[in-house]
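Chemist: generate a structure from the sequence data that follows.
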Amino acid sequence: MKRGSTTEMAANKKIDTLIGQESSLTGRLESSGTIRVDGKFEGDIITKSDLVVGESGQVHGKIKARNITVAGLIKGELEASGKLELVPTAVVEGEAKMSLLVVEEGAVFQGNCQQIPKDQRDRGKTLRIDTPKAPEPTVPEAGK
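Modeler: Purely as a prediction, here's the structure:
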């Protein structure tokens, strides 16, 4: 099995919701678990977990998830609080916001993307890095 294949991705995640290859849905899908789309979906997908769009999957609409892995087609707006990964068969058209973007050779991305901080609380904070001070050299006293 080649690295990054959708079969491997599915094996590594427990899929809570599956839209099969022969299915076509329109509407709004909200979940706290992992969603996989192998069919057609038009509308909004919101999950607190991950979204996988298989090679035969097509999504037209708004997506909000922790991590998004795309092997099929997405047209619309994507927001991943974690990683957006486009494997070689992926086609994404639209707006994307993510903390980390991975685009493998062969994937197509047309649109705009914006990197967002992984943790909004750390935004604007700087790390304090002080150089340790060397101890003062001691001068031996004469006659001791």
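
Chemist: let me know how buried the closest residue to Val108 other than its chain neighbours is, in neighbour terms.
Modeler: In space, and not counting its chain neighbours, Val108 is closest to Val91: 4.6 Å by C-beta to C-beta, 6 or more residues apart in numbering. All C-beta atoms are positioned from the backbone trio N, CA, C, and that covers glycine. Using other C-beta atoms under 10 Å, Val91 has 17 neighbouring residues.

Chemist: try Gln110
Modeler: Counted with other C-beta under 10 Å, residues neighbouring Gln110 total 9.

Chemist: hang on, it packs against Val92?
Modeler: Yes. At 7.2 Å, Gln110 counts as touching Val92 under the criterion of C-beta atoms under 8 Å.

Chemist: how far away is the most centrally placed residue in the chain from Ile116?
Modeler: Residue closest to the mean C-alpha point of the chain, counted by C-alpha atoms, centre = their mean, is Lys83 at 2.0 Å. Distance of Lys83 to Ile116, computed by C-beta to C-beta, to the nearest Å: 12 Å.

Chemist: what does Ala65 give?
Modeler: Noted for Ala65: a distance of 13 Å to Ile116, by C-beta to C-beta.

Chemist: ok, those two, which is more surrounded?
Modeler: The neighbour comparison of Ala65 against Ile116 (other C-beta under 10 Å) goes to Ala65, with 23 against 14.
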